[in-house]
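*Asks:* attaching a predicted model along with its sequence, questions to come.
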Amino acid sequence: MQNQTQKEITLYSDGSSLGNPGPGGYGGILEYKNHIKEFSGAEEYTTNNRMELRGVIEGLKLLKEPCIVEVVSDSSYVVKAINEWLNGWIRKKFAKVKNVDLWKEYIKYSSQHSVKATWVRGHNNHPQNERCDQLARDEAEKIKLGIK
């Protein structure tokens with residue numbers, strides 16, 4: 001569902017898990033024109049893939065209206081699932097798919113948007129990806145240290 005009046009948003013996202021599984025965090029940045037909003041969060045015991053996906057979901061939850069969204073992530077799991085695998089998973093009722101709870105939540109929050117995903121190489125001096133990585137790691141470290 002796309003039209004000329006929809007805002008074009010870039011959602012940068014990253015996830016981190018110390019131990020994988022272990023304490024985890026996600027970080028994200030929403031960009032619209034000159035507006036930037038950072039967000040982050042954590043879970044006590046999780047995996048890297050779950051945090052990568054959680055970052056995308058939490059970013060989508062922040063959007064107040066249907067948008068054209070480009071998700072930028074260093075997670076090939078998230079990017080390929082959004083662009084290639086998800087429709088097949090739905091047809092097969094998520095048979096043998098991990099993180100079904102999060103994928104169903106992703107579908108709920110992405111359904112009103114036009115979403116495509118772009119992969120970027122992690123730890124490759126991409127400013128927004130590096131910032132998301134830092135936000136995610138900081139959140140995971142807080143859990144590890146018992147600060148959260």
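*Replies:* That came through, no problem.
*Asks:* mind checking the longest helix of the chain?
*Replies:* helix 127-144 (DSSP state H).
*Asks:* OK, contacts around Ile107?
*Replies:* 86, 90 (CB atoms under 8 Å, 6 or more residues apart in numbering). Placement of C-beta: from N, CA and C, glycine included.
*Asks:* ditto for the one 3 residues further on
*Replies:* Each residue near Ser110 by CB under 8 Å, 6+ apart is listed here: 60, 69, 82.
*Asks:* what helix or strand is the most centrally placed residue in the chain on?
*Replies:* Closest to where the C-alpha atoms of the chain average out (CA atoms, centre = their mean) is Val56, at 2.2 Å. Val56 belongs to helix 48-61 when assigned by DSSP states H and E.
*Asks:* got the contact list for the helix or strand just after that helix?
*Replies:* Following helix 48-61 in sequence order, the next helix or strand is strand 67-73 (DSSP H and E). The set of residues external to strand 67-73 that reach it, using CB under 8 Å, 6+ apart, is 2, 6-14, 52, 55-56, 59-60, 63, 78-79, 82, 110, 113-120, 128-129.
*Asks:* so strand 67-73 versus helix 127-144, what angle?
*Replies:* Here the directions of strand 67-73 and helix 127-144 differ by 70 degrees (axes from the mean of the first three to the mean of the last three CA atoms, to 10 degrees).
*Asks:* returning to what we had before: so who does the residue nearest to the centre of the chain touch?
*Replies:* Val56 sits in contact with 11, 13, 28, 71, 73, 78, 82, 106, where contact means CB under 8 Å, 6+ apart.
*Asks:* name the nearest residue to Thr47, ignoring sequence neighbours.
*Replies:* Pro21 (4.9 Å; CB to CB, 6 or more residues apart in numbering).
*Asks:* ok, how many other residues are close to the one you found?
*Replies:* By other CB atoms under 10 Å, the residues close to Pro21 number 13.
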